[in-house]
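whatever this is, show me its structure:
(one chain, ligands or ions: 1)
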Amino acid sequence: MDYQQILNTIKTELGSQQYTGKVASYIPELEKIPPEKLGMHLYCINSGHYSIGDNTERFSIQSISKVFALTMAMGMSGDELFQRVNVEPSGDPFNSLIQLEYENGIPRNPFINAGALVISDILISKLDNPKKEFLAFIHKITDSNSIEINSKVFESEKQYSYRNAALLNLMKSFGNIENKIEDVLDFYTFQCAIEMSCKELSTAFITYANRGKKLANGDDVLSPQKVKRINAIMQTCGFYDEAGEFSFRVGLPGKSGVGGGIAAIHPGQYAVTVWSPPLNPKGNSELGMYALERLTTLTGFSIF
Ligand code: GLU
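Below is the predicted model:
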């Protein structure tokens with residue numbers, strides 16, 4: 001498969017693709033990112049790295065961090081974790097409060113904000129220094145020790161965290177949050193403010209395409225059984241209330257973030273990340289979805 005040629009074709013097509021989406025503005029610092037930024041990086045298990053555009057420029061990974069947080073939490077927990085967070089698609093926006101009230105403070109899945117906040121709470125209870133250990137985990141799976149948070153994005157989101165604070169308060173009222181609301185909010189916002197490039201995200205995500213083993217050295221990050229579960233949750237819940245549409249158009253498990261990034265995997269084959277900041281009305285990168293749809297169409301392979 002000539003992945004570089006396929007990515008070059010996608011780049012040409014993207015050049016003439018009009019978008020109507022808007023860069024996320026509810027975190028004011030994110031709105032400053034130029035909408036024309038565009039990068040894509042594919043890391044193939046057998047044949048290495050392929051890329052186009054701004055693929056080595058770091059951007060705010062936002063909700064893509066939820067995959068790493070879940071990986072850490074599952075690495076330290078058994079099935080009891082899933083008594084506090086479910087594994088069903090929500091069909092609601094990422095920051096919705098509605099289902100939580102009906103469903104007694106148990107979030108639908110770990111990739112909507114409510115579920116990710118429960119995972120943050122679990123990590124805070126289990127780790128001595130959650131921020132340091134979370135970054136260390138990302139350094140370990142990427143071999144990029146310079147990955148850090150963007151403190152402006154962190155502060156910017158913290159000032160406008162009303163909905164996430166509301167989700168935490170509601171869940172605490174149901175007894176599903178152990179730690180202090182401000183501590184959980186602080187750690188959750190920190191993980192979302194991490195910046196990585198498409199290349200670094202593909203390097204991290206190759207682990208999920210490689211049965212939980214780091215490709216660079218074969219180290220076990222997570223068992224194949226747990227990776228299967230994370231990939232299943234990415235497939236069914238990785239794209240807010242557009243997970244069905246993403247499966248339908250692209251056919252790969254993945255996770256998006258409001259920074260405009262999407263990381264996806266083809267198990268046994270590759271990890272791919274695309275970054276384009278303008279978001280469609282459901283909060284997913286508009287051109288990112290287009291690029292990944294073209295990838296599985298031009299290669300002729302998805303997981304289905
Ligand atoms: N930090 C963002 C929030 O909680 C993440 C949203 C996202 O990327 O889906 O609103």
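
near the ligand, which residues of the stretch 201-304 of the chain show up?
257-258 (CB under 6 Å from any ligand atom). Any C-beta I mention is one placed from the backbone N, CA and C, and that applies to glycine too.

quick one: the helices in the stretch 201-304 of the chain?
224-237, 243-249, 286-299 (DSSP state H, counting those that start in this stretch).

most tightly surrounded among the ones you listed?
Highest mean neighbour count among the helices of the stretch 201-304 of the chain (mean count of other CB atoms under 10 Å): helix 286-299, with a mean of 22.

residues contacting the residue lying closest to Asp183 once chain neighbours are set aside?
Nearest non-adjacent residue to Asp183, counting by CB to CB, 6 or more residues apart in numbering: Ile124, 6.0 Å away. If a contact means CB atoms under 8 Å, 6 or more residues apart in numbering, then Ile124 has 130, 178-179, 183-184, 187 as its contacts.

how close does Ile124 get to Glu178?
Separation of Ile124 from Glu178 (CB to CB, to the nearest Å) stands at 8 Å.

try Ser146
Distance, Ser146 to Glu178, using CB to CB: 33 Å.

least confident secondary structure element in this structure?
Among the helices and strands of the chain, helix 98-102 carries the lowest confidence by mean pLDDT, DSSP states H and E, at a mean of 91.

who does that helix touch, helix- and strand-wise?
When contacts are defined as 3 or more CB pairs under 8 Å, 6 or more residues apart in numbering; DSSP states H and E, helix 98-102 packs onto helix 162-173.

all strands for the chain, in order.
In the chain, the strands defined using DSSP state E lie at 39-44, 48-53, 59-60, 195-196, 254-256, 261-266, 270-275.

make JSON lines from those and add distance to Val23 and mean pLDDT to it.
Converted to JSON lines, the strands of the chain look like this (distance: least, CB to CB, whole Å; pLDDT from 0 to 100):
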{"stretch": "strand 39-44", "distance to Val23": "15", "mean pLDDT": "98"}
{"stretch": "strand 48-53", "distance to Val23": "17", "mean pLDDT": "98"}
{"stretch": "strand 59-60", "distance to Val23": "11", "mean pLDDT": "98"}
{"stretch": "strand 195-196", "distance to Val23": "16", "mean pLDDT": "98"}
{"stretch": "strand 254-256", "distance to Val23": "14", "mean pLDDT": "98"}
{"stretch": "strand 261-266", "distance to Val23": "12", "mean pLDDT": "98"}
{"stretch": "strand 270-275", "distance to Val23": "12", "mean pLDDT": "98"}
